[in-house]
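Enquirer: Structure for this input, please:
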Amino acid sequence: MGFSENLENNLKSLEAREERDPAALERERARREEDRERQRAAAPYVEQLRNGAFTQGLLAQATRIGFGKRTKVHIVWLETPVVALRLDARNLRLELRPAAHGVEAHYFTDGVETKRENVDLGADPAALAGRWLASLD
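Expert: Okay, the predicted model is just below:
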């Protein structure tokens with residue numbers, strides 16, 4: 001048996017042992033349960049974000065402001081690993097992510113998160129769109 005075959009057998013043995021490890025299985029089960037609890041707690045905010053007037057207003061205002069600045073605003077709904085509404089304009093990105101305590105806005109510039117804030121879904125969506133797109137030339 002050559003070195004590479006021996007190494008391959010050892011790796012397979014380690015993987016099989018890890019798969020049977022009760023502590024690893026318990027950690028994985030606990031992680032999945034935490035994820036389910038987070039999703040359950042955020043479910044009302046997911047529904048409000050998807051179907052609410054705030055979202056429709058935000059999309060309309062972001063598109064209007066982007067048009068005025070000669071910039072296309074790309075809109076994407078993300079489903080995995082978390083539900084989120086993503087808006088992209090040039091090098092700027094805004095992600096709205098439902099959480100247990102409400103909806104969070106994550107601001108990105110050139111792929112780096114620069115700011116985070118809680119969003120009031122009863123507030124004026126034009127203010128959020130204006131803050132996000134203010135740094136566009």
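
Enquirer: so where do the strands sit in the protein?
Expert: Secondary structure of the chain (DSSP state E): strands located at 74-78, 84-89, 92-99, 102-109, 112-119.

Enquirer: Listing partners with orientation, what would you give for the shortest one?
Expert: For strand 74-78, the pairing partners within the sheet under DSSP bridges are strand 84-89 (antiparallel).

Enquirer: what angle sits between the partner strand and strand 92-99?
Expert: 170 degrees (axes from the mean of the first three to the mean of the last three Cα atoms, to 10 degrees).

Enquirer: Show me what the longest helix anywhere in the chain packs onto, helices and strands only.
Expert: When the chain is parsed with DSSP state H, its longest helix is helix 22-51. Applying 3 or more Cβ pairs under 8 Å, 6 or more residues apart in numbering; DSSP states H and E, we find helix 22-51 packed against strand 92-99, strand 102-109. Heads up, the C-betas are built off the backbone N, CA and C, glycines and all.

Enquirer: Go through those and pick out the most buried.
Expert: Most buried of the helices and strands packed on helix 22-51, by mean neighbour count (mean count of other Cβ atoms under 10 Å): strand 92-99, with a mean of 20.
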